[in-house]
Structures are given as C-alpha cells and as structure tokens.
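Q: Next comes the sequence, and after it the predicted model I'd like to discuss.
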Amino acid sequence: MSRTRILGPRLLQPPTQPSTTGGTSSACNQACLDYIFTDQVATCVVNPRAGRETEFSLTQALPPKRIAVVGAGAAGLSFSITAASRGHKVSIFEAAAHIGGQLELARRIPGKEEFSELLRYYKSEIDRLQISIHLSTTFNEDVFVNDQFDLLVIATGVTPRVPTIPGISHSKVSLYPEALSGNITIGKNIAIVGAGAIAFDVAEFLTTSDASPISVSDFHKKWGVNLNGDSPGALVNAAPTETDKTLHILYRSTSKPAATLGISTGWIIRSSLKQQRVSISPGCSYQKIDDQGLHYTIDGQDKVLLVDNVIICAGQEPSNDLADFCSAKGILFYLIGGAKNAKNLDARRAISEGYSLGLTC
C-alpha cells in the first residue's frame, strides 16, 4: 500500500517514491518500519497476520452464525471477510451508496490512490465469499429481528467533531469530509482549524495539482532529484509546482502539529507543505467566523483571516448510537473501529480490530 492511516487522526502516510508507471510505490511504512524504529513487532497495515502468523489461526466457525455488520468502512470490511472466511453468514448494511467509509476519503489524498486498490480487494472478497451487502440502507430493529441474526457488529465509524465557535454554521465553514468530497467550491484563501494529521492531509489535498498520481519527472522536480549525472549527489534545487491557494493551519495547543505522522515518513508531508508556504499557527483562540473570515487571538493580539473557506479538522467522535439501542433490547453486539474509540484511530487499528474479532466471534 502507499500511504496509510485513515482520516483521523491520520488518513495515510506519504509515499517514498513514485513507481515507474507514475503511480506510487508500496511504502506506507506505518506498521513495518515505523514499528521497527520504535521497538515494536513489525506487521502490515492491511494484513494484521503478517509477522504474527503463529498468533492467528483461521479456523472453521462451529457453529456458523448469522451476523449483521453495520458499516462498510475499514473495520467492518476487515471483520466481514474474516468472519465469512470461517463460514459465518455475513450481511453488511451501509448507509452510504458505496463501501469504504474513511478509506473512501483517504484514497482522494494525493499519493494515497492505492487505497482504491484496497477497496477493490474488499469488493472482490465480498463477491467471492458471497457476503450479502446492502448499500444506501439504514439498519434498524426491524431488520435485525426479521432477518433473525445471531449477533450484531457495529462498525459505524466516526463523525467529525464540531468545535464551539460563534458562527460555526456560517456558509464559509465546511467539515473535512465535505472538503475532500469535491462537492463544494474551495476558494483561494483557506483557514484550517486544527493541526492533527487530518488537517495535514486536507492541506496536501488542497495544495496539490489535479495531476495525481504524480509523475516520475514531476517527483524529481519536486524534491530536487537529478539523474543526469552532472550534479553533486544527484541533487539540484527543488522546483515543486506551486499552488495558487494560500493556506493557514491554526490550532489551540502549543504542542507539535500532526505529532502522529509516521516516524519514517512524516517529514515528507511536513516538507511538502513547507514548499507550498502553508502557515502553521499554534496557541490560537477562536473568536468567531463571519463574512470576513476567521477571527482569532494569538499572543494576546486579536486578528482576522480574510478567507474564502474555513475547514474544520478538529478531531472525531464515535458514531455508535446503535449500541444504546442494542443494550436496551438485550441484543448481543460488538463495537469495533472508530465506533468503539475514535481517539488515535487509523487504518491499522481499524483493520486489526476487525480481523481479530472475525477470528474469535
């Protein structure tokens, strides 16, 4: 896979280099090199069994169960194909018109297009394992009772956290899924509220040209690579394509921005945003959002950013209202992925939780 990690706190990691065909190479590093560098057991984001083959065993389910999975994001899809491989009869219910959840957003980030291949794999496995999938479908009590399921797996993911700022409902304001969807108009001057990994993903999405995946020649220009043999160290001055947008990232704390970026690859996205002159301002207190833009206070001074858009990347909350219904009705259920815990959610954790539950349920 190319860059890994889902929207929140990090969609994915930057690739190390493009392939010779213009796509990105397999190089997320998140659960392999990053784990090695931090004295953890190396594994793989999309294959939790890698490097841990003796810990996991795919055994036949006895007896097989009828299982309803609500949510077709990373956790729900990982669980479904694992459980179905063991003989369970699995039905997936997804409110959206497509599978993917946060992966559907993640694959839109430049350099992360190979998440589309992961989704293609999941679609293929759904067909191969004869998993019943219901898109554009809201799961409710009637569905559970009428279909006589034995248990329910809630993988409904996360919702963006909306901070309390006067004017948060202003027409200039968008949540990060809207900004990444391509369904809204983004102007030239943009403020991003929040400086987590999602904010960095959104910033890269907005500052990168539409020519993605990046070509080999453009990659070399962007990072100052010269293979002609006529420059010391095969290096020249970097000449990235400059964006026509002006971006400002603002956040409340004074800690390092996007601290969850991968240890082996985080420097790449930081360098990329620096190339595009994206400003990053810590220690901000938001006052209001109005027709002018974003009013805030920093270092005791009141300021205003005259921006066209204010994009909110202020974290995520679990989307698990269905758990209350199940508890009240005495229905056996499991929570996985963002629905279980939105803090530090990424693709590795979501896929791993789905896989582990699929082996044991």
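A: Here it is on my side, so go on.

Q: and the least confident helix or strand in the chain by mean pLDDT, what other elements does it pack with?
A: Scoring the helices and strands of the chain by mean pLDDT, DSSP states H and E places helix 141-147 at the bottom, with a mean of 78. For helix 141-147, the packing partners by 3 or more Cβ pairs under 8 Å, 6 or more residues apart in numbering; DSSP states H and E come out as strand 66-70. For every residue, glycine as well, the C-beta is placed using N, CA and C.

Q: so after the strand it packs on, what's the next helix or strand?
A: helix 74-85 (DSSP states H and E).

Q: The helix or strand hosting I92 pairs with which strands, and in what direction?
A: Using DSSP H and E, I92 falls within strand 89-93. If you go by DSSP bridges, strand 89-93 pairs up with strand 66-70 (parallel), strand 132-134 (parallel).

Q: picking up where we left off before, got the contact list for the least confident helix or strand of the chain?
A: Helix 141-147 is contacted from outside by R66, A68, S91, F93, T137, L152, F325, K329, I331, using Cβ atoms under 8 Å, 6 or more residues apart in numbering.

Q: again with stretch 308-318
A: 7-9, 158-163, 168, 170, 172-176, 179, 186-196, 198-199, 202, 289, 293-294, 338-342, 345.

Q: switch the cut-off to 7 Å
A: 8, 158-163, 172-176, 179, 186-194, 196, 198-199, 202, 289, 294, 338-342, 345 (Cβ atoms under 7 Å, 6 or more residues apart in numbering).

Q: give me the number of residues near I67?
A: 24 (other Cβ atoms under 10 Å).

Q: average model confidence for the next helix or strand after the strand holding I92?
A: Per DSSP H and E, strand 89-93 leads on to helix 102-106 as the next helix or strand towards the C-terminus. For helix 102-106, mean pLDDT is 93.

Q: helices or strands up against helix 102-106?
A: helix 115-128 (3 or more Cβ pairs under 7 Å, 6 or more residues apart in numbering; DSSP states H and E).

Q: Give me the helices and strands touching the helix it packs on, please.
A: For helix 115-128, the packing partners by 3+ Cβ pairs under 7 Å, 6+ apart are helix 74-85, helix 102-106.

Q: now it, how far from the chain's geometric center?
A: When distances are taken as Cα atoms, centre = their mean, to the nearest Å, helix 115-128 is centred 17 Å away from the chain's centroid.

Q: could you check the angle strand 89-93 makes with that helix?
A: Angle between the axes of helix 115-128 and strand 89-93 is 130 degrees (criterion: axes from the mean of the first three to the mean of the last three Cα atoms, to 10 degrees).
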